[in-house]
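Kindly return the folded structure for what I paste below:
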Amino acid sequence: MKKIEEKKFNLSELKGISVKTIEEHLKLYAGYVKHANIILEKIEEYSLDYDKNSYTIGELQRRFGFEYNGVKNHEIYFESLSKDPKDLPSDSKLKEAISTEFGSFEKWLESFKKMALTRGIGWAMLCYDKKENRLLNAWIDEQHLGLLQNCNTILALDMWEHSYYLDYTPAEKKKYVEAFFENLNWKEIEKNF
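From the prediction side, this is the model:
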């Protein structure tokens, strides 16, 4: 079975997000890769006697969704960050789509930031439904509960406390959200669109 490969990200200190936070966050990402691969191996192993192990396989499949989405969500998150952030050009197709869907880029940004402050752990995401040709904001509990069917993730903001607790208290997570947006390379985000 093909293994999930751990990507490497060239991230140094960002505005408002410390090197220590990035280092610890990348270790967590590596753990998702490791555990997703372990689960795949176990599923393959237990599948040799599926009838005997069907319950165990079912539970592993449920856990795989959590681990695998932990890998993919973090890849989108880390790929969007840069110590040399790039704004979204005014003639960008993504900016045009955001303005069409939400009234203006500024309205979307305000709405997205407010959604990111939802109580609890999870992800704030901007998603694109190709079939409906529309953008949607979505709050994803944990990593895998609440994903929008048939949608691609354009932007992923990790709102688990591990992504900011070394720099900000939970009461200060608004500062983390602001720091996240100060470090975005919109060129990478537009590729997701």
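
Spit out the contact partners of the residue nearest the centre of the chain.
Residue closest to the average C-alpha location in the chain (CA atoms, centre = their mean): residue 73, at 3.0 Å. With contacts taken as CB atoms under 8 Å, 6 or more residues apart in numbering, residue 73 has the following neighbours: 123, 140, 143, 153, 156, 158. (C-beta placed from N, C-alpha, C; glycine too.)

burial measure for the third one, as a count.
Spelled out, that is residue 143. Number of residues near residue 143 (other CB atoms under 10 Å) recorded here: 24.

That one and residue 176, how far apart?
As for residue 143, its distance to residue 176 is 18 Å (criterion: CB to CB, to the nearest Å).

still on that earlier bit, in CSV: the contacts of residue 73, plus secondary structure, pLDDT and distance to residue 40.
Supplementary listing: the contacts of residue 73 in CSV, determined by DSSP: H, G, I helix; E, B strand; the rest coil; pLDDT from 0 to 100; distance: CB to CB, whole Å:
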residue, secondary structure, pLDDT, distance to residue 40
123, strand, 96, 23
140, strand, 93, 22
143, coil, 83, 17
153, strand, 96, 22
156, strand, 97, 23
158, strand, 98, 23
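
can you give me the helices in this protein?
Across the chain, reading from the start of the chain, the helices by DSSP state H fall at 19-46, 50-80, 93-102, 105-116, 173-182, 186-192.

okay, now the domains of the chain?
According to the domain assignment given by automatic domain parsing, the chain is divided into the following structural domains: 19-80, 93-192.

These into TSV, with extra columns for distance to residue 6?
Formatted as TSV, these follow (distance: least, CB to CB, whole Å):
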stretch	distance to residue 6
domain 19-80	4
domain 93-192	17
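
which one of the ones you listed lies closest to residue 13?
domain 19-80 (4.7 Å; CB to CB).

end to end, how far does the closest one reach?
Across domain 19-80, the terminal residues are separated by 16 Å (CA to CA, to the nearest Å).

Then stretch 135-154?
Separation of the first and last residues of stretch 135-154 by CA to CA is 9 Å.

try stretch 90-107
With CA to CA as the measure, the first residue of stretch 90-107 is 15 Å from its last.

give me every residue that touches the closest residue in space to residue 166 that isn't next to it in sequence.
With CB to CB, 6 or more residues apart in numbering as the measure, residue 21 is the residue that lies nearest to residue 166, at 4.6 Å, once sequence neighbours are left out. Residue 21 makes contact with 163-164, 166-167, according to CB under 8 Å, 6+ apart.

Residue 21 and residue 35, how far apart?
With the distance defined as CB to CB, residue 21 ends up 21 Å from residue 35.

same check, this time on residue 112
The spacing between residue 112 and residue 35, counted by CB to CB, is 30 Å.

Please apply the same query to residue 25.
Note on residue 25: its distance to residue 35, by CB to CB, is 16 Å.

Who has more neighbours out of the two?
residue 25 (22 against 18).

okay, how far is it across stretch 175-190, tip to tip?
The first and last residues of stretch 175-190 sit 24 Å apart, counting by CA to CA.
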